[in-house]
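Participant: Need a 3D model of the sequence below.
(one chain, ligands or ions: 2)
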Amino acid sequence: MTEPAATGRDGDARGAGRDGIPLVHAVNVHKAFHGNEVLKGIDMDVRQGQVVCLLGPSGSGKTTFLRCINQLESIDGGRIWVDGDLMGYRDAGGRLHHLTDKQVAAQRREIGMVFQRFNLFPHMTVLANVMEAPVQVKGERKTEVKERAVQLLDRVGLAEKADAYPGQLSGGQQQRVAIARALAMQPKLMLFDEPTSALDPELVGEVLTVMRELAASGMTMIVVTHEMAFAREVADHVVFMDAGVVVEQGPPREVIGNPQHDRTRAFLSRMRSESHDG
Ligand SMILES: Nc1ncnc2c1ncn2[C@@H]1O[C@H](COP(=O)(O)OP(=O)(O)OP(=O)(O)O)[C@@H](O)[C@H]1O
Ligand SMILES: [Mg+2]
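Facilitator: Ligands and ions are numbered 1, 2, ... in the order given. Okay, the predicted model is just below:
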């Protein structure tokens, strides 16, 4: 087994998950599509309450890795634990057995995911979108879910839009609803895959503000982003991936502020020339 990468900084005051291990513990994760190896042994630890920003060029495997954590993809090698649970498998005396679809679905419910595109149900109001999964998937009582959904919409600054339909909202507002919808399931972990990259520039800030507040509230988050200013400010730990491997990782002031590898430097200078946040 590969030695897990050290994570956390500033004395690592934040806690670990069950059994003292990190909330997310990924070891030597491999994934190939039709013989094309996309993840070539990814190790990653994320402690409870930590925000990890995942950077890397297009095609480096960032989305695939998030999808593996969430079991939207099965992995070909390695292990991923979330809060002590081995994802997708049951370990019976060293032999792995696939979990049933139902068991996988139960694991997946603990993880919220926000994509580039919001994928809200267009025929349902904002409030109904946020309430849908807890009621339909978890079978929670509507009155309780509604109370929580209203609070969540307030938290993302959209209390007054509860009865609107997604088509009546801006992209930034829709993305904030998508975050509220994911939070309604009370996840242990939130995965964000370039949540602002489909937005008009003037709408990016409001979504990042919601994410910043979520991070400050102690949510454990893995964020794929090209927003370097956000990563520098909010991430506890930055992981730079290229071609299916982790090239470099550490605190943002090191990885972004003083990268050690040529590939990281090349990527960051490309990002700088494409964006305004330097
Ligand atoms: N379902 C799939 N079938 C075949 N190949 C895939 C599949 N999903 C991803 N890939 C390939 O895996 C590689 C990594 O893709 P991935 O989407 O994880 O990259 P990424 O780092 O998220 O890139 P981007 O920044 O463009 O979103 C790419 O070469 C991609 O074409
Ligand atoms: Mg991607």
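Participant: What are the boundaries of the strands in the stretch 101-250 of the chain?
Facilitator: 111-114, 189-193, 220-224, 237-242, 245-250 (DSSP state E, counting those that start in this stretch).
Participant: Residue 200: neighbour count?
Facilitator: 10 (other C-beta atoms under 10 Å). Just so you know, the C-beta spots here come from the backbone N, C-alpha and C atoms, and that holds for glycine as well.
Participant: give the contact list for it.
Facilitator: 171-172 (C-beta atoms under 8 Å, 6 or more residues apart in numbering).
Participant: Against residue 118, how distant is it?
Facilitator: 14 Å (C-beta to C-beta, to the nearest Å).
Participant: How about residue 253?
Facilitator: 32 Å.
Participant: Of the two, which one has the most company?
Facilitator: The neighbour comparison of residue 253 against residue 118 (other C-beta under 10 Å) goes to residue 118, with 22 against 11.
Participant: and that one, backbone torsions?
Facilitator: Backbone torsions for residue 118, taken as degrees, to the nearest 10, come to phi -80, psi -30.
Participant: Please name the residues that touch it.
Facilitator: Residues 166, 171, 174-175, 177-178 are the ones in contact with residue 118 under the rule C-beta under 8 Å, 6+ apart.
Participant: Which of these ranks first by neighbour count?
Facilitator: For those, counting by other C-beta under 10 Å, the largest number of neighbours falls to residue 175: 29 neighbours.
Participant: Provide a list of residues in contact with that residue.
Facilitator: Per C-beta under 8 Å, 6+ apart, neighbours of residue 175: 114, 118, 195-196, 199, 203, 207.
Participant: hmm, 10 Å instead?
Facilitator: With contact set as C-beta atoms under 10 Å, 6 or more residues apart in numbering, residue 175 has these partners: 114-118, 120, 156, 169, 192, 195-196, 198-199, 203-204, 206-207, 210-211.
Participant: From ligand 1, how far off is it?
Facilitator: Going from residue 175 to ligand 1 by C-beta to the nearest ligand atom, to the nearest Å gives 17 Å.
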